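Colleague: Just the structure for this:
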Amino acid sequence: MVARTRARRGFTLIEVLVASGVGLIILTAMMGYLLHRSRMDQREAQLGRLKQDASLLLGQLGRELRQAGLGRPTRARREGLGELYPGPLILADETALVFVSDLPRPDSNLNGVSAFAANQAFPPLPDRGVALLNELNGSCDVDGSGAKACRTDEASLLFAGPGQDCRDFPHSSPTCPWGLNKYQAGEWLVLVDGAGRWVERQVSSSVFGNAIGRLALVFDEPIPRDFFEVPNRGWVASLDRVFYRLEGGAVERKQCWERVGVQATLSGLSRPCRAKEEGTPWEPLLRTAAPGGLVFRYFDAQGVEFKALPLAPMDLRRVRRVEVALRLMAPASGEPVTYDTFSAFTLRH
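Modeller: As a prediction, the model looks like this:
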């Protein structure tokens, strides 16, 4: 009878308190682990975003920087002062970089580099026009008037033929330079002759014209009569200036395509464009840079680093490699999350 009474009595107060204390300790430990795991997951997610941001930025910068100098003349101007066109780099500082290249614009499908066709062939072109090769294959005269003419759509590397040819549908054919939206009415282009000398001309309101069966890119002003004295060589390019800079905690980019003007000087070309029709606004590509989180370094062909920044004009032409260091930061519980990365790019032009 006594044993049965004790069995129905249950736990004592001391036993309940001990069990509750043990449970509280276990629950506190579990809560601490869950909070720690939550903070770690948050930091890992922030670090993943920083790595993705850095990869996208360095990917775009690398693609563009490797094309620095694309389409640039190598000799002096044919008219006016006859000065040399600046090298690929326009300004090189620790947290700012400006270079020139023919890159696609926001309203274009491709960049503007096209090689000249047989501009001295018969029938002749107007004194304000140039014939271009089909840039999609590098061999076809877009008007097809010569003996070696071929249909641009049949030889295209990008579009399957047969289809609309530039000769028959100049406004809409995707194999035509103006059909590709490469050139816009009123924009300024640099024309480079076979010897590497250059002139600057503005595209006419009609963009292209037809002269005795030949299609040609047409400008507002005549081209020098002896411009094609080195036949079947040279090119036309829509040279832009591309700006990268660290502004506060953001890495920003700007692309300008206004006229070079009377003088192609470093001081003039290093000033960002202001009018919206002459370039893009400053676009933030990355907003998580730490203070001093973008650093450019510059090296010559022998791997010797240029220490004095910004670079002097003669040193700008000697740069062959650009190194970019990024330090990114994001808020998180406790210490901010940081990520450091580094890339190097070789200039090809």
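
Colleague: Give the buried residues for stretch 285-302.
Modeller: Leu286, Thr288, Ala289, Ala290, Gly293, Leu294, Phe296, Arg297, Tyr298, Phe299 (16 or more other C-beta atoms under 10 Å). Placement of C-beta: from N, CA and C, glycine included.

Colleague: My guess is the second one contacts Leu326. True?
Modeller: No. Under the criterion of C-beta atoms under 8 Å, Thr288 lies out of contact with Leu326, with a separation of 9.6 Å.

Colleague: give the contact list for the residue nearest to the spatial centre of the chain.
Modeller: Centroid-nearest residue in the chain: Glu64, 4.0 Å away (criterion: C-alpha atoms, centre = their mean). Residues in contact with Glu64 (C-beta atoms under 8 Å, 6 or more residues apart in numbering) are Phe99, Ser101, Leu103, Val242.

Colleague: And for Leu65?
Modeller: Each residue near Leu65 by C-beta under 8 Å, 6+ apart is listed here: Leu97, Phe99, Val322, Phe345, Leu347.

Colleague: Spatially, and excluding backbone neighbours, which residue is closest to the fourth one.
Modeller: With C-beta to C-beta, 6 or more residues apart in numbering as the measure, Leu65 is the residue that lies nearest to Phe345, at 4.7 Å, once sequence neighbours are left out.

Colleague: related to what we said a few turns ago, grab the two from the contacts of Glu64 that are most spread out in space.
Modeller: Maximum pairwise distance in the contacts of Glu64, criterion C-beta to C-beta, is 9.9 Å, between Phe99 and Leu103.

Colleague: So for these two, which sits in the more crowded spot?
Modeller: The residue with more neighbours, out of Phe99 and Leu103, is Phe99; 29 against 24, by other C-beta atoms under 10 Å.

Colleague: Which helix or strand contains that one?
Modeller: Secondary structure assignment for Phe99, by DSSP states H and E: strand 96-101.

Colleague: which helices and strands sit right next to that strand?
Modeller: helix 13-65, strand 89-92, strand 240-247 (3 or more C-beta pairs under 8 Å, 6 or more residues apart in numbering; DSSP states H and E).

Colleague: 6 Å - rerun?
Modeller: Secondary-structure packing of strand 96-101 (3 or more C-beta pairs under 6 Å, 6 or more residues apart in numbering; DSSP states H and E): strand 89-92, strand 240-247.

Colleague: pLDDT averaged over the first one, what's the number?
Modeller: Strand 89-92 shows a mean pLDDT of 96.

Colleague: Outside of it itself, which residues are in contact with it?
Modeller: Strand 89-92 is contacted by residues Val98, Phe99, Val100, Leu266, Leu269, Ser270, Tyr298, Pro310, Leu311, Leu316, Val319 when judged by C-beta atoms under 6 Å, 6 or more residues apart in numbering.

Colleague: of the contacts of Glu64, closest to Arg78?
Modeller: Among the contacts of Glu64, Ser101 lies closest to Arg78 (C-beta to C-beta), at 21.7 Å.

Colleague: List the contacts of that closest one.
Modeller: Gln67, Ala68, Leu70.

Colleague: what does Val192 give?
Modeller: Pro73, Trp198, Gly234, Trp235.

Colleague: List the contacts of the last one.
Modeller: Listed by C-beta under 6 Å, 6+ apart, the contact partners of Trp235 are Val113, Ala115, Val192.

Colleague: Of those residues, just say which sits nearest to Leu81.
Modeller: Val192 (17.0 Å).
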